[in-house]
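Trainee: the following block contains a protein sequence and its predicted model.
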Amino acid sequence: MALLLRTARDHHQPAAYWPRAYALLLVLYALCLCVDSLLAAGVDDLGYEKGHRDLDVRLKGGARKPKPVPPYVYYALIVCLNGRTEGFLFCTASGRQLDTPAVWRLIRSVAKRAGLPQVDSIHPHVMKHGAITHALGRPIARIDKIQQWADHRTPGPRSGTTAARSLLDDSPGYDLAASIAGAIDSVID
């Protein structure tokens, strides 16, 4: 994943789209999002709550959930937005919403440029699975927090809103983003 993200950041073609490719893949991975939630997000869904940058995402079934945006990821988003204050978070050059096939093509294009052997099998949901696997392998992993972060149903008496709000304070995404940031910069070309 580090090689894929570094390739998106430094070597995606055309170079004008490096910021978008990198931010899109980083947000998809570090926020553990489904592609539909990622593509539906608008610039106005970015917020700040209780000391955390967050993205209010739409989940399956229409529910909404704030997902914390780690500082490393937020910086990539700001670079990608380049001062834009409205519209979809990730859009085409003409401002229209990106679609799912475009994200598939982007991921496969970056994977091919990176020389990854999974070039024919990688897709957006594989990135979500990779994020979950990465988070579970961290020393501070808590399965219940990872389930909440990944938008998987968790057993228990807590309401969805209470669980989502508490995830702002101790999201696995913070640790994952810090880990992947270090790994991206240590990848050798």
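Mentor: Okay, I see it. Numbers count the residues shown, from 1 in each chain.
Trainee: quick one, strands of this structure?
Mentor: Along the chain, counting by DSSP state E, strands occupy 46-49, 52-58, 64-68.
Trainee: now the last one: mean pLDDT?
Mentor: In this case it means strand 64-68. Averaging pLDDT along strand 64-68 gives 92.
Trainee: ditto for the first one
Mentor: The predicted model gives strand 46-49 an average pLDDT of 93.
Trainee: look up how far Leu136 lies from Ala23.
Mentor: 25 Å (Cβ to Cβ, to the nearest Å). The way it works is simple: take the backbone N, C-alpha and C, and place the C-beta from them, glycine included.
Trainee: you'd agree Leu106 is up against Ala21?
Mentor: Yes - look at Leu106 against Ala21 with Cβ atoms under 8 Å: they come within range, at 5.9 Å.
Trainee: residue ranges in the chain under the pLDDT threshold?
Mentor: 154-167, 187-189 (pLDDT under 70).
Trainee: looking at the strands of the chain, which is closest to Leu98?
Mentor: Taking Cβ to Cβ, strand 52-58 is the member of the strands of the chain nearest to Leu98, at 15.2 Å.
Trainee: export the closest one to PDB, keeping only CA atoms.
Mentor: The C-alpha trace of strand 52-58 is given here as PDB (Å, rounded to 0.1, in the frame of the first residue of the first chain):
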ATOM      1  CA  HIS A  52     -10.900  16.800  15.100                       C
ATOM      2  CA  ARG A  53     -11.100  17.400  11.300                       C
ATOM      3  CA  ASP A  54     -13.800  15.100  10.100                       C
ATOM      4  CA  LEU A  55     -15.600  14.100   7.000                       C
ATOM      5  CA  ASP A  56     -19.400  13.500   7.300                       C
ATOM      6  CA  VAL A  57     -19.900  10.500   5.000                       C
ATOM      7  CA  ARG A  58     -23.000   8.800   3.600                       C
END
